[in-house]
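Trainee: Build me a model from this:
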Amino acid sequence: MEIAEMIIETSLNMIKSGLVKGTWGNISVRKDNRIWITPSGVPYEDLTPDSIAVIDLESGKQIDGKMKASSEMPLHRIIYLEYSHINGIVHTHSIYASAFAVIEEEIPCCTEDQAQIIGGSIPIAKYAPQGTAELGRHVVQALEGDVYAALMAKHGLVAVGRNLQEAWTAAEISEKSAQVASVVKSMNKPIEGLCQNEINELRQNYINSYSKTSIK
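Mentor: Numbers count the residues shown, from 1 in each chain. Below is the predicted model of the structure:
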């Protein structure tokens, strides 16, 4: 499947799953020295392969695509420039993750799937206006522990991966993890997360073994 088609398929899944509403959120893929990214303000149902913007990674200039790139392109570009192993990014405004972003509280790592896919608790990136390089720098800093997701204060969630499929899975697991944490909080019970040694063991098993069939 071509890169633009993969992005469109993931975009439609993002709408169907409720991780975004309307035209909010964005998706990108990096290959070689280029970024393919969803356009600005176009309903996901209306996307066609030629509406996906193509950006030169080094210069940040759009070099292909009939539609203007998402306003969050600087965020995606800065992440790719900082982390050479990241090749897919999914930015969502899902309800439960966004709630944690509003109160600026990290999502604790309580479940094995979060430890495996995300790599630990989901941290908070400091607030900065959307579409700015400052926001991108804050997210890069939040991802420093090699976690595959970060909350953006008062905004939403960024999930990353070694390919688009992994980034999409990270976005889904992030929202599920936020839901679990919210339910536990409503029970008036303390949230007892996994210890760091347990997280590390689960993460390494995922990276070195389980994910080998999906990451090529």
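Trainee: Please count neighbours and contacts with C-alpha atoms only from this point.
Mentor: Noted.
Trainee: buried ones in stretch 2-14?
Mentor: 3, 4, 7, 8, 10, 11, 14 (16 or more other CA atoms under 10 Å).
Trainee: List the contacts of it.
Mentor: With CA atoms under 8 Å, 6 or more residues apart in numbering as the test, stretch 2-14 has contacts from 20, 26-29, 36-38, 44-45, 47-50, 52, 168.
Trainee: CA atoms only for the strand or helix carrying residue 172, dumped as PDB, please.
Mentor: Per DSSP states H and E: residue 172 is located in helix 164-186. Output of helix 164-186 as PDB, limited to C-alpha atoms (Å, rounded to 0.1, in the frame of the first residue of the first chain):
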ATOM      1  CA  LEU A 164       2.500   4.100  11.200                       C
ATOM      2  CA  GLN A 165       0.900   0.900  12.400                       C
ATOM      3  CA  GLU A 166       2.900   1.100  15.700                       C
ATOM      4  CA  ALA A 167       2.000   4.800  16.200                       C
ATOM      5  CA  TRP A 168      -1.700   4.000  15.700                       C
ATOM      6  CA  THR A 169      -1.500   1.200  18.200                       C
ATOM      7  CA  ALA A 170       0.200   3.500  20.700                       C
ATOM      8  CA  ALA A 171      -2.600   6.000  20.200                       C
ATOM      9  CA  GLU A 172      -5.300   3.400  20.900                       C
ATOM     10  CA  ILE A 173      -3.400   2.000  23.900                       C
ATOM     11  CA  SER A 174      -3.000   5.500  25.300                       C
ATOM     12  CA  GLU A 175      -6.700   6.200  25.200                       C
ATOM     13  CA  LYS A 176      -7.500   2.800  26.700                       C
ATOM     14  CA  SER A 177      -4.900   3.500  29.500                       C
ATOM     15  CA  ALA A 178      -6.400   6.900  30.200                       C
ATOM     16  CA  GLN A 179      -9.900   5.300  30.500                       C
ATOM     17  CA  VAL A 180      -8.600   2.700  32.900                       C
ATOM     18  CA  ALA A 181      -6.900   5.300  35.100                       C
ATOM     19  CA  SER A 182     -10.100   7.400  35.100                       C
ATOM     20  CA  VAL A 183     -12.200   4.400  36.200                       C
ATOM     21  CA  VAL A 184      -9.800   3.500  39.000                       C
ATOM     22  CA  LYS A 185      -9.800   7.100  40.100                       C
ATOM     23  CA  SER A 186     -13.600   7.100  40.300                       C
END
